[in-house]
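**Student:** output the structure for:
(one chain, ligands or ions: 1)
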Amino acid sequence: MVLNEQPRTVWVTGATSGIGRACVLKLLGLGHRVVALGRRWDRLHQLKESLPHAPLYVAACDVQAHEQVRRVYHALPVDFCAVDTLVNNAGLMLGAGTFDTLSADAMHTMVMTNCLGVLNNTSILLPSIKASTRGHIVNVTSIAARYPYVTGHVYAATKAFVEHFGANLRTELAAERVRVTNVAPGRADTEFQSVRMAGSTGTEPAPAAMAQAVTPLAAEDVADTICWALSQPLHANINAVELVPSRQALSFR
Ligand SMILES: NC(=O)c1ccc[n+]([C@@H]2O[C@H](COP(=O)([O-])OP(=O)(O)OC[C@H]3O[C@@H](n4cnc5c(N)ncnc54)[C@H](OP(=O)(O)O)[C@@H]3O)[C@@H](O)[C@H]2O)c1
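**Tutor:** I've put the predicted structure just below:
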């Protein structure tokens, strides 16, 4: 059995809030080096300022833009350039209504961020991940990828894309000892819902009483699961994890 105890260098997208930020803090607490990314520079700067001695490098970039991601990767300081682990976490849902209420811009942004963003980061980081003996790619998908629901449409389909991409990539990378894990959370208490509602043209169906009673996951719950998958012995790959609030019966409640 090959133990899995050495510090990693982990590239985390969507690190300015929610699950990504919780991952960064957890990974640093476990002694790993972290490259934290997002578009909001003020938040990244604050994060770095609050942890002056942590092995943390922050950089602003939009995951939709291959060139921006590539530039950040090629500008990494020497201590951070041997990235062996990628957490494809950046993502968003836009719009609260049914598909016919969704704007063309919202469709485009979801597909470009959730699908192309994952492809951009994976393709740019893959040579470095493959060069390691302990490479690992974690994709944050969603239970929406697996269980259809009214108003899921484009968002759920983008997450199904990522899930399928991850599972297929694993078949190619298994021989190279690169592990791939899809983590599919249910409802989590992050900025996800406020991003979704901002500028929404649709109306969300009224939540059932049961939905209101659900205690959502904390971002830290999902971060713990990601770190658990990373910490498994190197001969073991966690293919997929579904993680939902105990009282969440369906993907939307
Ligand atoms: N919360 C839930 O209920 C839930 C459930 C299932 C799955 N998920 C998934 O979990 C992941 C994390 O979401 P969250 O819940 O933590 O929401 P969140 O708090 O809104 O965080 C989303 C992160 O994604 C980043 N992001 C969005 N668009 C980006 C872009 N174009 N380029 C770079 N970064 C971008 C945001 O940073 P900037 O705005 O600074 O760029 C932010 O850091 C997402 O993939 C989401 O689909 C969430």
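**Student:** mind giving me the packing neighbours of the longest helix seen in the chain?
**Tutor:** Among the elements of type helix in the chain, defined by DSSP state H, the one spanning the most residues is helix 153-173. Secondary structure elements in contact with helix 153-173, counted by 3 or more C-beta pairs under 8 Å, 6 or more residues apart in numbering; DSSP states H and E, are helix 104-110, helix 117-131, strand 136-140, strand 179-185. The C-beta positions use only the backbone N, C-alpha and C, and glycine is treated the same way.
**Student:** tell me which strands the last one pairs with, and in which orientation.
**Tutor:** This points to strand 179-185. Its sheet considered, strand 179-185 pairs with strand 136-140 (parallel), strand 240-243 (parallel) by DSSP bridges.
**Student:** state the mean pLDDT of it.
**Tutor:** Summarised as a single mean, pLDDT over strand 179-185 is 98.
**Student:** helix or strand next in line after that strand, which one?
**Tutor:** strand 188-189 (DSSP states H and E).
**Student:** and the contacts of that next one?
**Tutor:** Applying C-beta atoms under 8 Å, 6 or more residues apart in numbering, the set of residues contacting strand 188-189 from outside is 18-19, 216-219, 221-222.
**Student:** one more: stretch 158-165?
**Tutor:** Counting by C-beta under 8 Å, 6+ apart, 88, 91, 110-111, 114-115, 118-119, 122, 139, 141-142, 144-146, 182, 184, 240 sit against stretch 158-165.
**Student:** nearest to residue 78, out of the helices and strands packed on helix 153-173?
**Tutor:** helix 117-131 (13.0 Å; C-beta to C-beta).
**Student:** does anything pack onto the closest one? Which helices or strands?
**Tutor:** Helix 117-131 is packed against helix 66-74, strand 85-88, strand 136-140, helix 153-173, with contacts defined by 3+ C-beta pairs under 8 Å, 6+ apart.
**Student:** now with 7 Å, please.
**Tutor:** helix 66-74, strand 85-88, strand 136-140 (3 or more C-beta pairs under 7 Å, 6 or more residues apart in numbering; DSSP states H and E).
**Student:** looking at these, which is nearest to the ligand?
**Tutor:** Distances from the ligand to each of the helices and strands packed on helix 117-131 were compared using C-beta to the nearest ligand atom; the minimum, 4.5 Å, belongs to strand 136-140.
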